[in-house]
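Visitor: Sequence first, then the predicted structure, then my questions.
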Amino acid sequence: MAPIRLLRAASAALVLALAGCFYGFSGGGLPMHVRTVAVLPFSNETASPELTRELTDALRDGLSKRLGLRDASEEKASAIARGTIVRYETDVPVAYSANPQQATATRRKLQVVVDVEIYDQVQGKTIWQKKGILGEGEYSERFEAEGRKQAIGRIVNEVIEGAQSQW
């Protein structure tokens, strides 16, 4: 009698696990009907105009590669990703030269703060949003773009993880 109960319990667990897998692979944790996304250029409240393009491109690439969403125009997309670049700070010293005669920093840190929303155009509601996402990056002097790429990558990771968590 016990082996039959064990077999039934194992079968039920397998069915539930498979159902979860099929649901989870369609666009991460996004609703099943969300298959396309329009990543709108972020509003930029900073003095760094290149941030808009770099963040938009990285987010579009990440949503496509990691969540399987196809890029679409705003009119045709089932979801929209949009947001605001709130803050961009550079030259936060991290490490200093060992030479006491020289007071220059050898490593610097930058911070990018954004507010992001993923909006479901089909159902007319917000799927996911978060304010104050902080991305940080470190860079050597005169290599600010390297640090900016790291910070943007961290922001994209947080957005994708947030979208996937909407099971």
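Guide: Looks like it came in fine. Predicted model, so just to flag it, every value in this text is computed and none were measured. Numbering: from 1, shown residues only.

Visitor: tell me the helices in the chain, going along the chain?
Guide: Using DSSP state H, the helices of the chain run over 2-24, 50-67, 144-164.

Visitor: Share the number of residues neighbouring Asp115, please.
Guide: 17 (other C-beta atoms under 10 Å). The C-beta positions use only the backbone N, C-alpha and C, and glycine is treated the same way.

Visitor: same check, this time on the one 4 residues further on
Guide: Neighbour count for Tyr119, taken as other C-beta under 10 Å: 19.

Visitor: can you check Ala58 too?
Guide: Once other C-beta under 10 Å is used to define contacts, Ala58 is seen to have 17 neighbours.

Visitor: and what of Gly153?
Guide: Residues contacting Gly153 under the criterion other C-beta under 10 Å number 14.

Visitor: mind checking how far it is from Gly62?
Guide: Gly153 sits at a distance of 8 Å from Gly62 (criterion: C-beta to C-beta, to the nearest Å).

Visitor: Enumerate every residue touching the nearest residue to Ile80 once chain neighbours are set aside.
Guide: What sits nearest to Ile80 in space, not counting adjacent residues and going by C-beta to C-beta, 6 or more residues apart in numbering, is Tyr119, at 4.6 Å. The contact partners of Tyr119, taken as C-beta atoms under 8 Å, 6 or more residues apart in numbering, are 79-82, 125-127.

Visitor: Just the terminal-to-terminal distance for stretch 34-53.
Guide: With C-alpha to C-alpha, to the nearest Å applied, stretch 34-53 spans 24 Å between its terminal residues.

Visitor: Can you find the helix or strand of this structure with the lowest average pLDDT?
Guide: helix 2-24 (a mean of 49; mean pLDDT, DSSP states H and E).

Visitor: List the neighbours of stretch 37-44 that are in contact with it.
Guide: Applying C-beta under 8 Å, 6+ apart, the set of residues contacting stretch 37-44 from outside is 51-53, 55-56, 59-60, 63, 69-74, 76-85, 114, 118.

Visitor: Identify each buried residue in that stretch, please.
Guide: Of all the residues in stretch 37-44, those buried under the rule 16 or more other C-beta atoms under 10 Å are 37-40, 42, 44.

Visitor: For those, give me JSON lines that also has distance to Ile160 and pLDDT.
Guide: JSON lines is the format used below for the buried residues of stretch 37-44 (distance: C-beta to C-beta, whole Å; pLDDT from 0 to 100):
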{"residue": "Val37", "distance to Ile160": "11", "pLDDT": "98"}
{"residue": "Ala38", "distance to Ile160": "16", "pLDDT": "98"}
{"residue": "Val39", "distance to Ile160": "12", "pLDDT": "98"}
{"residue": "Leu40", "distance to Ile160": "17", "pLDDT": "98"}
{"residue": "Phe42", "distance to Ile160": "16", "pLDDT": "97"}
{"residue": "Asn44", "distance to Ile160": "21", "pLDDT": "97"}
